Every structure is written in structure tokens, then in C-alpha cells.
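Asks: Below are the sequence and a predicted model; questions follow.
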Amino acid sequence: SVSTPDLSAPAIQIAPLLKRAFMMIEDGEFNRADELLETVLNNDPENARAYLGKLMCNLKVRSDEKMVTKFTFAVSKNPNYRKACRFADEELKKQLDDYPYRYACYLKESDNYVEAMEAFQKLADYKDSEKQAEDCMEQEQARIYDMALQKMKDEDYVGALTVFNGLGDFRDSVAKVGECKELENQSIYDKAIHQMKIGDYRAAADLFKRIWEYRDSGDKAKECFEHIERLKEEADEAHNQKIYDRGVLQMNAGEYDVAYSTFNQIRSFKDASAQATKCKERFDRKKRNKEIGEVVKGGIILSIPVV
């Protein structure tokens, strides 16, 4: 550790201590530098440069240039910064007062326009802060505008529309909102037409319903519904016909009870009801004849052929 100088020593010894401390700061030896700066302040409690050095140690920055990149609004509340400003001479006071402005400029140069704008706004009428804040806002809007244009190129029209809406009357954003709506509607319309062509009428109808008022989308949606109903009827027809054919096969095979159940599933289809009645009649007759044909003779059951 650094020994504390004799308080009776000439004040001029503070200068080399300060110089040595800032050299340590340049080398990143922040703890050792901070000890030296404490020694300086023990001898000269109002030494502004010592407080500046301690602030640099707090932030772990090695130079004035690096200091600018770390000077957030919170740093301006740091006790070492406030004491440095309090005891600074005119030249150092100017340097210290300029840190927040230079930090805002750094943010702007880093394309961090929102934070830069906020930093400039906090500086109020310092230098050209008001103009810089306005410029940052315009730069941020331009960045967002370009992002929206890219979304349009990527055919993300809904995303682009949302972004343009947020820009209000910046440039031609209002016109771009209308353009995006048109492009999105046309995109949906084209997809719906494609779905119709490949026979996916349900998907096509859902798409046309989203843009009902666009072009002839309403009529196209109705057309899709008609196709869907027709296909349903055709599917039901094919399904019922399959059941009907199975019933005929069962009836021809003499499986009247099974055929009866089969025809009963589709009683409203063709003459299925009549076929079901016929199967029941044949099944009942067969059962009755079988009962009559069973004759008990000599304790043995003989089966008489059923006509």
C-alpha cells in the first residue's frame, strides 16, 4: 500500500502523486491508484482532479475517451463526480460538464438513437442538445422505416403495416400502410385461388372470408361453400352406396339378419328401407320354417329340409 505523506510536507508533492495515480489508472491498476488518490485527498480534500481519478477507478476506465463511453445518467449522481464538479476550476469544470453531452454523442454515433435522444433531452438547452435530440428521433424513425421496407420486401406485409402505423406521418408511412393492406389482401387472395385450384375448398373459403370485401372474395367464398356441400353430398353418397352394396352381398348370401342391420343404417338411401323389410321377412320365414322342420322322432331330432 501507499504510505501517507507527511502532512507538514509542501503541498507541491500532491502534483507528482496525482500524476502517478493517473499513470496507474492508464495501466488499469485501479486499486493502487485509488489508494494514492486517497492520500492526495487526505492532504487536499478539495482536489477536484483526485475526485475525477476516483470516479475513473469506480468505473474502471483508463482514459478520458473511455470515460465518455461509460458516462450514463446514473454516473452524474456519483459522489466523486459531484465533488469533482464542486471543487473544479473553470477548465476542469468545462470538461466535467461536457461528459454527459459527449456520452449522448457517443450513443448517437453507436446508432443507439433512442437512448441518445433521451440523454440529449435530459441536457435540455446545453449546447445544441435540443437539436441533437430531434435529429436522433428522426434517425430512429428512419431506421424503423427502413426495417418496415425490408419487411415489405420479405412479403411480411402485416408486420410492415404494423411498423408503418407506428411511424404516423413520417415520410410516406401513411401511404405505405395502404400499400401494405393492398399487398396483404392480394397475397391472401392469390393463396385462396391456388387452394381452389387444387381442390382444397375449405382452406380457400377460410382465406376468402378474411378478405370478404376485397375484389370478388365474398362471391368466391360462397362458391367454395357450394363446392364443399357438393363434395360432402358426393362423399355421403359414396359412403351409403358402399354400405348398400355390402347389404346386398349379405342378403344374397342368406345372412338376412346381418343384411337387415346393414340396410337399417341407411334407411333413407335409395330402397334400403324396403330391402331391410325384405330381409326381416325372409329371416322370420327362415326361422319359422326351421322351427317347423325340426321333428322329434324316436327321441332323435330330425331336420326336414326347408323349402
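Replies: It's in.
Asks: going forward, measure contacts and count neighbours with C-alpha atoms only.
Replies: Will do.
Asks: Spell out the residue ranges of the helices in this structure.
Replies: With DSSP state H, the ranges of helices along the chain come out as 14-26, 30-43, 48-59, 64-70, 79-87, 90-109, 113-122, 129-153, 157-166, 173-197, 201-210, 217-252, 256-264, 272-293.
Asks: rank these by pLDDT, which is bottom?
Replies: If the helices of the chain are sorted by mean pLDDT, helix 272-293 sits at the bottom with a mean of 88.
Asks: Could you check how far Leu59 is from Glu90?
Replies: To Glu90, Leu59 is 24 Å away according to Cα to Cα, to the nearest Å.
Asks: Comparing these two, which residue is more hemmed in?
Replies: Leu59 (15 against 10; other Cα atoms under 10 Å).
Asks: In space, what's closest to the more buried one - neighbours in sequence excluded?
Replies: What sits nearest to Leu59 in space, not counting adjacent residues and going by Cα to Cα, 6 or more residues apart in numbering, is Lys70, at 7.2 Å.
Asks: about what we covered before: return the most buried member of the helices of the chain.
Replies: helix 48-59 (a mean of 23; mean count of other Cα atoms under 10 Å).
Asks: Apart from its chain neighbours, what residue comes closest to Tyr189?
Replies: Nearest residue to Tyr189, sequence neighbours excluded (Cα to Cα, 6+ apart): Phe208, at 6.6 Å.
Asks: Just give the nearest non-adjacent residue to Phe71, would you?
Replies: Nearest one to Phe71, counting by Cα to Cα, 6+ apart, is Tyr103 at 5.8 Å.
Asks: Please list all residues in contact with that neighbour.
Replies: Val68, Thr69, Lys70, Phe71, Thr72 (Cα atoms under 8 Å, 6 or more residues apart in numbering).
Asks: switch to 7 Å and redo it
Replies: By Cα atoms under 7 Å, 6 or more residues apart in numbering, the residues touching Tyr103 are Val68, Thr69, Phe71.
Asks: Kindly report the same for Asn165.
Replies: Taking Cα under 7 Å, 6+ apart as the test, what Asn165 contacts is Val177.
Asks: Ile193 now?
Replies: By Cα under 7 Å, 6+ apart, the residues touching Ile193 are Ala204.
Asks: Pull up the gap between it and Glu138, please.
Replies: In terms of Cα to Cα, Ile193 sits 42 Å off from Glu138.
Asks: Kindly report the same for Thr262.
Replies: Distance from Thr262 to Glu138, by Cα to Cα: 77 Å.
Asks: again, but for Gln132
Replies: Distance from Gln132 to Glu138, counting by Cα to Cα: 10 Å.
Asks: got it, and Lys290?
Replies: 100 Å.
Asks: what's the answer for Leu17, then?
Replies: On the measure of Cα to Cα, Leu17 and Glu138 end up 48 Å apart.
Asks: now Ser261
Replies: 79 Å.
Asks: so who does the spatially most central residue of the chain touch?
Replies: Geometric centre of the chain, nearest residue: Gly159, 10.2 Å, by Cα atoms, centre = their mean. Shown in contact with Gly159 (Cα under 7 Å, 6+ apart): Lys151.
Asks: What distance do you get for it to Ser173?
Replies: Taking Cα to Cα, one finds Gly159 at 13 Å from Ser173.
Asks: Touching, Val163 and Gln150? I think so.
Replies: No - at 11.0 Å, Val163 does not count as touching Gln150 under the criterion of Cα atoms under 7 Å.
Asks: Please export the C-alpha coordinates of stretch 98-106 as PDB.
Replies: Extracted C-alpha coordinates of stretch 98-106, given in PDB (Å, rounded to 0.1, in the frame of the first residue of the first chain):
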ATOM      1  CA  ASP A  98     -19.200  18.100 -21.100                       C
ATOM      2  CA  TYR A  99     -19.200  14.400 -20.200                       C
ATOM      3  CA  PRO A 100     -23.000  13.900 -20.400                       C
ATOM      4  CA  TYR A 101     -23.100  15.600 -23.800                       C
ATOM      5  CA  ARG A 102     -20.200  13.600 -25.100                       C
ATOM      6  CA  TYR A 103     -21.800  10.400 -23.800                       C
ATOM      7  CA  ALA A 104     -25.000  11.300 -25.700                       C
ATOM      8  CA  CYS A 105     -23.000  11.900 -28.800                       C
ATOM      9  CA  TYR A 106     -21.300   8.500 -28.300                       C
END
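Asks: what about it, distance to the chain center?
Replies: Here the centre of stretch 98-106 is set off from its chain's centre by 34 Å, with Cα atoms, centre = their mean, to the nearest Å.
Asks: Likewise for stretch 52-72?
Replies: Distance of stretch 52-72 from its chain centroid, counting by Cα atoms, centre = their mean, is 38 Å.
Asks: Also stretch 205-224?
Replies: That offset, for stretch 205-224, works out to 28 Å (Cα atoms, centre = their mean).
Asks: Cheers, nothing more for now.
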